[in-house]
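Visitor: quick one, fold the following:
(2 chains)
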Amino acid sequence: MADIRSPIPGTFYRRPSPEDAPYKSEGDAVAVGDVVGLVEVMKSFIEVKSEVVGKVKAFKVENEEPVSAGAVLVELED
Amino acid sequence: MSIRRLFVANRGEIAVRVVRAAQALGITAVQAHSDADGDMLAVRLADEAICIGPAQAAKSYLNVEALITAAKEAECDAVHPGYGFLSENADFAEAVEQAGMIFVGPSAETIRRMGNKAAARAAAQEAGVPVVPGSKGVIETAEAAVAAAREIGYPVMIKASAGGGGRGIRIADSEEELRKLAPQARAEAQAAFGDGALYLERALKTPRHIEVQILGDGQRAVHCYERECSLQRRRQKVWEEAPAACLTSEVREELCRSAVALAESVAYRGAGTLEYLYDEGTGEFFFIEMNTRIQVEHPVTEMVTGIDLVAEMIKVAGGEPLSMAQEDIQLDGHAIEVRVNAEDPSNNFMPFPGVIGKLKIPEIAGLRFDTLLYEGYVIPPFYDSLLGKLIVHGMDRKDALAALTKALQQISIGDVKTTLPLHKALAADPAVQAGQFHTQFLEPWLENRTLTADLEV
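Guide: Next up, the predicted model:
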């Protein structure tokens, strides 16, 4: 099992824009390089990408919640 | 002065600036802050502070209801909106007044009118202020295009009337080119929008951005001369000067007079800025929009005129008439401001939040550093990246540049990456030193060089 962490502090978003579907939902397969969310930092949006293969077990941060650098965003399972 | 308790509905360096101005006037400063900003400098300096909501700006600094409730609870009689956030929101200005407080700025009606581009353009034309010349009504034929272009002046930009964005825009430098391009533009507009009607406008390829600072009390307005803010990245100003060295004194007089005429025609109250594009080739200036608030770059104007713009806007809001006549306002020397942002210039200006280490602010005559920084401050990631504004004043532009270079060599902001290396490179650039730049200068300039991160530890 692996975690995807936020590279930077900011606000976490699970969707590209409020009208879009979430990048990933629980149970979805994740490939290396897949975007799982965005972190907004100082008015810039940074894509959070997975560095491993797995399946989404749980999102540990709600949409639009503040995150710190290194905070676990997504828990993956094999 | 009818204002005794001022609510500061903003954050960052402008909140610090407003708190200090209020206190200097003997007014109690009540600082609003989000959950993430309890430690900010303005909170530490203010007489009182009150939390207005969660970190996200939408729930705090943009939350009209929360702000009004907090201001009333703190028994404030006036609200200063700073810049950004709700500073140009007419509904907020109205809500402040309906709650029985003074909004430090123009009336909601003025904000609404001047905030609308078409209405502002119409107001400018009524006041005799030049706007970017364009065709009247739609153009259906090449002959009509040629006739319109003769009045507008070349080069002209050909746009689809029905279009938006950059689609189908062409630039014709001469009548010959226009005759060739107009039918193409027409065909393309027809295909893309089902409507071949065209609109022509004077094309300004490399304009300078020049803006005039004005102050009004609702009856009378004065100008505090102009600023040049042509060095921009992604339409964000990075370096500003006062006055604009490229203007002759005749053009300067004409430009500033036009700004006063427009401000008086709308009975402007408070501090405001009229933005213009300036075509150096022809010496023409064109009004583009008005900002009905204090601006980030206001200090360069204060440095060359000696006027405290923030104090003046508070006094006028409190019902006092302008404290100066036009002839009292004289230009003295030259000032330059550079914006110090928490961004990494070696990594495409990636934001760099963090903890501020050792601070070294040089002590040089004519230097001013408007900042939100203190040692140990944790920069929150939720807001914009402006850490401070380094401002220098000199006898003339050359002297100001020398002071800036010296200040940039000596200043040090520990443990975070900032845009200081960008400013060092700009200050050393021959074109910048010669004042040879325009709004399209900085982005290609950046593409051609690598800036170091210059992390000070």
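
Visitor: which one is the closest residue to chain B within chain A nearest to, not counting chain neighbours?
Guide: Closest to chain B within chain A is A:M42: 3.7 Å, counting by Cβ to the nearest Cβ. C-beta here means a position set from N, CA and C on the backbone, and glycine is covered the same way. Of all residues not flanking A:M42 in the chain, B:P351 sits nearest, at 3.7 Å (Cβ to Cβ, 6 or more residues apart in numbering or on different chains).

Visitor: what is the subsequent helix or strand relative to the helix ranked longest in chain B?
Guide: As assigned by DSSP state H, the longest helix anywhere in chain B is helix B:175-193. Scanning forward in sequence from helix B:175-193 by DSSP states H and E, the next helix or strand is strand B:198-202.

Visitor: roughly how far out does that next one sit from the chain middle?
Guide: Strand B:198-202 has its C-alpha centroid displaced from the chain centroid by 27 Å (Cα atoms, centre = their mean, to the nearest Å).

Visitor: the residue of chain A closest to chain B reaches B:L386, doesn't it?
Guide: No - using Cβ atoms under 8 Å as the test, A:M42 is too far from B:L386 to be in contact (9.2 Å).

Visitor: so what's the backbone phi/psi at A:S44?
Guide: phi -110, psi 150 (degrees, to the nearest 10).

Visitor: quick one: contacts for it?
Guide: B:350-351 (Cβ atoms under 8 Å, 6 or more residues apart in numbering or on different chains).

Visitor: who does it bridge with?
Guide: Bridge pairing for A:S44 (DSSP bridges) gives the partners A:V41.

Visitor: got the contact list for the residue nearest to the spatial centre of chain B?
Guide: Taking Cα atoms, centre = their mean, the centroid of chain B lies closest to B:Q295, which sits 4.8 Å from it. Taking Cβ under 8 Å, 6+ apart, we find B:Q295 in contact with B:83, B:211, B:213, B:273.

Visitor: near chain A, which residues of chain B?
Guide: B:36, B:55-56, B:342-343, B:350-351, B:353, B:381-385 (Cβ under 8 Å from any Cβ of the partner chain).

Visitor: got those residues as CSV, with pLDDT columns?
Guide: As requested, those are exported to CSV (pLDDT from 0 to 100):
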residue, pLDDT
B:A36, 95
B:A55, 92
B:Q56, 89
B:A342, 97
B:E343, 95
B:M350, 92
B:P351, 94
B:P353, 91
B:P381, 94
B:F382, 93
B:Y383, 94
B:D384, 92
B:S385, 95
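
Visitor: who wins for neighbours among these?
Guide: Counting neighbours by other Cβ atoms under 10 Å in any protein chain shown, B:P381 leads the residues of chain B next to chain A with 27 neighbours.

Visitor: picking up where we left off before, and the longest helix of chain B, C-alpha only, in CSV?
Guide: Provided in CSV are the C-alpha atoms of helix B:175-193 (Å, rounded to 0.1, in the frame of the first residue of the first chain):
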residue,chain,number,x,y,z
GLU,B,175,-4.6,50.2,-47.1
GLU,B,176,-3.2,47.7,-49.5
GLU,B,177,-2.9,45.1,-46.8
LEU,B,178,-6.4,45.9,-45.5
ARG,B,179,-7.9,45.4,-49.0
LYS,B,180,-6.2,42.0,-49.1
LEU,B,181,-7.0,40.9,-45.5
ALA,B,182,-10.6,42.3,-45.0
PRO,B,183,-12.2,39.7,-47.4
GLN,B,184,-10.2,36.9,-45.8
ALA,B,185,-11.3,38.0,-42.3
ARG,B,186,-14.9,38.3,-43.6
ALA,B,187,-14.9,34.8,-45.0
GLU,B,188,-13.4,33.4,-41.9
ALA,B,189,-15.9,35.2,-39.6
GLN,B,190,-18.8,34.0,-41.8
ALA,B,191,-17.5,30.4,-41.5
ALA,B,192,-16.8,30.5,-37.8
PHE,B,193,-19.7,32.6,-36.5
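
Visitor: how close does the spatially closest residue to B:G194 that is not a sequence neighbour get to chain A?
Guide: Nearest residue to B:G194, sequence neighbours excluded (Cβ to Cβ, 6+ apart): B:A162, at 7.6 Å. The gap separating B:A162 from chain A is 25 Å, by Cβ to the nearest Cβ, to the nearest Å.

Visitor: just the buried positions in stretch B:221-232, please.
Guide: B:221-232 (16 or more other Cβ atoms under 10 Å in any protein chain shown).

Visitor: on that earlier part again, and the angle for the longest helix of chain B with strand B:198-202?
Guide: If you take axes from the mean of the first three to the mean of the last three Cα atoms, to 10 degrees, helix B:175-193 sits at 130 degrees to strand B:198-202.

Visitor: can you tell me the average pLDDT over helix B:175-193?
Guide: Mean pLDDT, helix B:175-193: 89.

Visitor: for that helix, packing partners?
Guide: helix B:142-152, strand B:156-160, strand B:170-172, strand B:198-202 (3 or more Cβ pairs under 8 Å, 6 or more residues apart in numbering or on different chains; DSSP states H and E).

Visitor: partners of the second one, with directions?
Guide: The reference is to strand B:156-160. So strand B:156-160, judged by DSSP bridges, has these partners: strand B:170-172 (antiparallel), strand B:198-202 (antiparallel).

Visitor: run through who's touching that strand.
Guide: Applying Cβ under 8 Å, 6+ apart, the set of residues contacting strand B:156-160 is B:145, B:149, B:167-172, B:178, B:181-182, B:185, B:188-189, B:192-193, B:195-203.

Visitor: tell me how far stretch B:350-365 lies from the chain's centre.
Guide: Worked out by Cα atoms, centre = their mean, stretch B:350-365 lies 23 Å from the chain centre.

Visitor: any low-confidence regions in the stretch 251-400 of chain B?
Guide: Scanning the stretch 251-400 of chain B for pLDDT under 70 picks out nothing.
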